[in-house]
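Participant: I need the structure of the sequence given here:
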Amino acid sequence: MTWILVALAKLVQLYSWALVIYILMSWFPNARETSIGRILTRICEPYLDPFRRIVPPIGMIDISPIVAFIVLNLAMSGIQQLIRWTI
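Facilitator: Residues are numbered from 1 along each chain as shown. Here you go, the predicted structure:
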């Protein structure tokens with residue numbers, strides 16, 4: 001059971017990095033049109049879409065990725081707590 005939680009924690013950590021890279025790519029013109037950008041779009045957009053529906057943009061600034069990242073970090077904290085309980 002513990003190894004499943006550890007693997008899940010690693011996957012969430014990897015996804016967090018993918019999300020950070022995807023968000024940073026929005027600062028550079030045409031970065032999302034590259035092959036890596038298209039892969040990250042397919043991976044990250046399904047997760048970000050529900051947050052974009054809930055959190056409206058403030059002018060030109062979209063803060064929904066920040067909320068999505070916070071939720072992902074809370075999930076990571078929960079997984080780490082479960083790992084501590086199983087050890």
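Participant: next up, phi/psi of Gly59, please.
Facilitator: Phi and psi for Gly59, reported as degrees, to the nearest 10, are phi 70, psi -120.
Participant: okay, now it: neighbour count?
Facilitator: 5 (other CB atoms under 10 Å). Heads up, the C-betas are built off the backbone N, CA and C, glycines and all.
Participant: tell me which element the nearest residue to Cys44 once chain neighbours are set aside falls in.
Facilitator: Residue nearest to Cys44 in three dimensions, not counting chain neighbours: Tyr22, with 4.3 Å by CB to CB, 6 or more residues apart in numbering. Assigned by DSSP states H and E, Tyr22 falls within helix 2-25.
Participant: who does that helix touch, helix- and strand-wise?
Facilitator: Packed against helix 2-25, as judged by 3 or more CB pairs under 8 Å, 6 or more residues apart in numbering; DSSP states H and E, are the following elements: helix 35-54, helix 64-86.
Participant: can I get those in CSV including mean pLDDT?
Facilitator: Shown next, in CSV, are these (pLDDT from 0 to 100):
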stretch, mean pLDDT
helix 35-54, 94
helix 64-86, 93
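Participant: redo those helices as CSV? Include distance to Tyr15 and mean neighbour count.
Facilitator: CSV is the format used below for those (distance: least, CB to CB, whole Å; neighbours: other CB atoms under 10 Å):
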stretch, distance to Tyr15, mean neighbour count
helix 35-54, 8, 13
helix 64-86, 7, 14
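Participant: Pro29 is nearest to which of these?
Facilitator: helix 35-54 (11.2 Å; CB to CB).
Participant: and Trp3, which of the helices and strands packed on helix 2-25 is closest to it?
Facilitator: helix 64-86 (9.8 Å).
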